[in-house]
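[1] Model the structure of this input:
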Amino acid sequence: MPLRRIFSVVFVLALCAGVHAQQQFTVVATILDPEKGTPVETLAPGDVHVMEDGVDGKIVKVEPVNHTVKVQVLIDNGVGIGQNLAELRNGVRGLLEALPRDVETTLVTTSPQGRILVRPTKDREALLKGVSLLTLDSATGRFTESLTEAAERGNKDKDAFTIIIAAATTSGDRDIREVHTKRLLEQIQGKPMVIHVVLYSGEKSATFGDTVFEVAQRVTKITGGRYEAINNMTRYETLLPELAADVAKQATGSVRQFRITVQRPGGKSGNLGKLGINAGARVVSSVKLE
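    Next up, the predicted model:
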């Protein structure tokens, strides 16, 4: 199945009935070049189709929207890391050094709970100084909770495209229930956001490791991010900089999206039906109903 068809199915499910609208509605979409994997520079009304209940609406106008790329780095510093503090610091330090210098970055530790270690800044020296302050904690990391909080911070900044890099371990998330996972998914689906996860098999009891594993795979798949499972901290040191280098290829300072205004088919009004979006040979990677 072509990639664009896969994304159309996702958005038919995500943009469901129950949202009230007049005869026009607006969506904000990220449209990617299928060869390069980067946002397209231009999009004409004839390049995109937005359907309601399977029927094309009329594209009234398409406007470019530029978002500033911002990065949040979530670091599990809990019992799952064991005594590998040097490897932890080296991995995060390498990640920061590989990120573009003009990208605002936030550092957050997740044990015993989500705590901001370095507030949003472009100051590389301040970020690296924060790495030197990293310490190990005797509690487990709060992966799902910290990820939800990071997504919420990103969504409050309406001009941002958020990239979350989570360096997690399988030792954590002891009290996570379905309601917590649901809250997280609501914060990331269809949002201008990508989540990458490096998941280290924790060195302490990983009774709840399956929860972290499942959540990590779901959030990376939904947002188009990268998921990597590792079992030694030596790989942790080399993988985080590799991941940051991959991010740097896309995080050029801004990400272009398109605001698409649609005239509903057949003069419809009231609650919206099921919506779908298709951009032909291009890939639709995220859609948000405004």
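[2] Which parts of the stretch 151-290 of the chain are strands?
    160-169, 193-200, 227-230, 254-263, 270-271, 275-278, 283-289 (DSSP state E, counting those that start in this stretch).
[3] Dump these into JSON lines; add distance to residue 84, mean neighbour count and mean pLDDT as well.
    In this view, the C-beta of every residue, glycine as well, is placed from N, C-alpha and C. Output for the strands of the stretch 151-290 of the chain, formatted as JSON lines (distance: least, Cβ to Cβ, whole Å; neighbours: other Cβ atoms under 10 Å; pLDDT from 0 to 100):
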{"stretch": "strand 160-169", "distance to residue 84": "10", "mean neighbour count": "26", "mean pLDDT": "93"}
{"stretch": "strand 193-200", "distance to residue 84": "9", "mean neighbour count": "26", "mean pLDDT": "93"}
{"stretch": "strand 227-230", "distance to residue 84": "12", "mean neighbour count": "16", "mean pLDDT": "94"}
{"stretch": "strand 254-263", "distance to residue 84": "34", "mean neighbour count": "20", "mean pLDDT": "86"}
{"stretch": "strand 270-271", "distance to residue 84": "53", "mean neighbour count": "10", "mean pLDDT": "84"}
{"stretch": "strand 275-278", "distance to residue 84": "45", "mean neighbour count": "21", "mean pLDDT": "89"}
{"stretch": "strand 283-289", "distance to residue 84": "35", "mean neighbour count": "22", "mean pLDDT": "79"}
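[4] I'd like to know which of those strands is closest to residue 43.
    strand 254-263 (4.9 Å; Cβ to Cβ).
[5] That closest one pairs with which strands, parallel or anti?
    Applying DSSP bridges, strand 254-263 is found paired with strand 24-32 (antiparallel), strand 58-75 (antiparallel).
[6] what's the neighbour count on the closest residue to residue 242 other than its chain neighbours?
    Nearest non-adjacent residue to residue 242, counting by Cβ to Cβ, 6 or more residues apart in numbering: residue 98, 7.9 Å away. Residue 98 has 16 neighbours, counted by other Cβ atoms under 10 Å.
[7] Among the strands paired with strand 254-263, show me which one is buried the most.
    Stretch with highest mean neighbour count among those: strand 24-32 (a mean of 21; mean count of other Cβ atoms under 10 Å).
[8] quick one: average confidence on that strand?
    For strand 24-32, the mean pLDDT works out to 88.
[9] could you check the angle strand 193-200 makes with that strand?
    50 degrees (axes from the mean of the first three to the mean of the last three Cα atoms, to 10 degrees).
[10] Alpha carbons of strand 24-32, as PDB, please.
    C-alpha atoms of strand 24-32 as PDB (Å, rounded to 0.1, in the frame of the first residue of the first chain):
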ATOM      1  CA  GLN A  24     -16.500  25.900   5.700                       C
ATOM      2  CA  PHE A  25     -13.800  24.400   7.900                       C
ATOM      3  CA  THR A  26     -10.000  24.600   8.100                       C
ATOM      4  CA  VAL A  27      -7.200  22.000   8.600                       C
ATOM      5  CA  VAL A  28      -3.500  22.500   9.000                       C
ATOM      6  CA  ALA A  29      -1.500  19.800   7.300                       C
ATOM      7  CA  THR A  30       2.100  18.800   6.900                       C
ATOM      8  CA  ILE A  31       2.800  17.600   3.300                       C
ATOM      9  CA  LEU A  32       6.000  15.800   2.500                       C
END
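[11] Go ahead and name everything in contact with that strand.
    With Cβ atoms under 8 Å, 6 or more residues apart in numbering as the test, strand 24-32 has contacts from 15, 38-40, 43, 48, 50, 60, 65, 192, 255, 257-264, 272, 275, 277, 279, 282-290.
[12] still on that earlier bit, out of the strands of the stretch 151-290 of the chain, the one nearest residue 217 is which?
    With Cβ to Cβ as the measure, strand 227-230 is the member of these nearest residue 217 (5.8 Å).
[13] Give the pairing partners of that closest one; include direction for each.
    Note on strand 227-230: by DSSP bridges, its sheet partners are strand 193-200 (parallel).
[14] Tell me which residues touch residue 221, please.
    residue 227.
[15] how close does it sit to residue 244?
    Residue 221 sits at a distance of 21 Å from residue 244 (criterion: Cβ to Cβ, to the nearest Å).
[16] Ok, residue 271 next?
    Note on residue 271: its distance to residue 244, by Cβ to Cβ, is 44 Å.
[17] can you pull the contacts of residue 95?
    73, 165, 167, 240-241, 243-244.
[18] Repeat the analysis, applying 7 Å as the threshold.
    Applying Cβ atoms under 7 Å, 6 or more residues apart in numbering, one finds that residue 95 lies in contact with 73, 165, 240-241, 243-244.
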